[in-house]
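> Okay, sequence plus prediction incoming.
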Amino acid sequence: MNTPTPPVDFVVDSSGVATVTGPRAALADRLAEAQGLTSNSFQRRILFALTWTGKHVYAGTVPADEVMRRRRRNKAARASRRLNRKAA
């Protein structure tokens, strides 16, 4: 069985705690410091679980007919904006 490669670099210690490593970890640390946040093992585990799946967190939470309706409206809005830019 092939295990998918996670989209972030991480290290899992003997207790199962995942820690993000590499350039993304440095960026995450700088952002956390700027916002006055600290990282704990629970937060790292959640981050690991969300990034390991490679799926969107809210995937499948909106019915398909609603998605189609939104896409139709967005397509019409884009066409309208395009026409308005040409007219201006």
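Yep, that arrived.
> and Phe48, how many neighbours?
By other Cβ atoms under 10 Å, 19 other residues sit near Phe48. In short, each C-beta sits where N, CA and C put it, glycine included.
> Which strands or helices does the helix or strand hosting it pack on?
Secondary-structure assignment from DSSP states H and E places Phe48 in helix 41-53. Packing partners of helix 41-53 (3 or more Cβ pairs under 8 Å, 6 or more residues apart in numbering; DSSP states H and E): strand 10-12, strand 18-20.
> which residues touch Thr53?
Residues near Thr53 by Cβ atoms under 8 Å, 6 or more residues apart in numbering: none.
> that's a strand at Asp65, yeah?
No - residue state for Asp65 (DSSP: H, G, I helix; E, B strand; the rest coil) corresponds to helix; a strand is not indicated.
> what residues go with each domain of the protein?
1-57, 59-88 (automatic domain parsing).
> Of these, which shows the lowest average pLDDT?
Ranked on mean pLDDT, the bottom entry among these is domain 1-57, at a mean of 66.
> Now for Lys55, which secondary structure element holds it?
Using DSSP H and E, no helix or strand contains Lys55.
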